[in-house]
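>>> attaching a predicted model along with its sequence, questions to come.
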Amino acid sequence: MNLKIQVFSLLFSFFYGILFSFCVNLNYQYLFLKKKIFRVFMTFLFLLDMALLYFLIIKFINDGIIHIYFYLMISIGFYISFPIMKKIRKK
């Protein structure tokens with residue numbers, strides 16, 4: 001994999017972490033309900049959709065090659081944007 005594809009994949013992973021944070025905050029009321037069965041079902045469905053979307057897009061970017069740094073960039077994007085998205089959710 002050449003350097004251009006690696007950098008593009010890292011940037012995509014970072015922005016996907018921001019998108020993931022936005023979706024978690026958007027679906028917060030469904031993911032953290034009091035009803036345990038519904039909460040487990042919604043969390044499973046949400047994570048399955050987000051993972052499939054990530055792998056589908058990464059398949060188009062670099063033929064599905066996954067590296068640990070991609071997961072690190074998703075985590076960094078999530079943790080940087082989560083407090084900002086949390087403030088937006090409360091308004």
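Yep, it's here.
>>> what helices or strands is the helix or strand bottoming out on mean pLDDT in the chain leaning on?
Least confident helix or strand, the chain: helix 28-31 with a mean of 78, by mean pLDDT, DSSP states H and E. Here helix 28-31 touches helix 36-62, going by 3 or more CB pairs under 8 Å, 6 or more residues apart in numbering; DSSP states H and E. C-beta: built from backbone N, CA, C; applies to glycine.
>>> neighbours of Ile65, how many?
By other CB atoms under 10 Å, 13 other residues sit near Ile65.
>>> what about it, which SS state?
coil (DSSP: H, G, I helix; E, B strand; the rest coil).
>>> for the closest residue to it other than its chain neighbours, what are its contacts?
Excluding the flanking residues, the one nearest Ile65 by CB to CB, 6 or more residues apart in numbering is Met1, at 5.9 Å. Applying CB atoms under 8 Å, 6 or more residues apart in numbering, we find Met1 in contact with 9, 62, 65.
>>> per-residue pLDDT of Met1, please?
Met1 carries a pLDDT value of 73.
>>> then Arg89?
72.
>>> that one: helix or strand, and which one exactly?
Element membership for Arg89, per DSSP states H and E: helix 68-90.
>>> okay, now Asn25: neighbour count?
19.
>>> which phi and psi does it have?
Backbone torsions of Asn25, given as degrees, to the nearest 10, read phi -70, psi -30.
>>> where's Lys34 relative to Tyr54, distance?
29 Å (CB to CB, to the nearest Å).
>>> more neighbours, these two?
Tyr54 (20 against 6).
>>> what about the residue lying closest to the more buried one once chain neighbours are set aside, helix or strand, and which?
For Tyr54, ignoring the flanking residues on the chain, the nearest one in space by CB to CB, 6+ apart is Tyr16 at 5.8 Å. According to DSSP H and E, Tyr16 maps onto helix 3-26.
>>> what residues of that helix count as buried?
6, 9, 12-14, 16-25 (16 or more other CB atoms under 10 Å).
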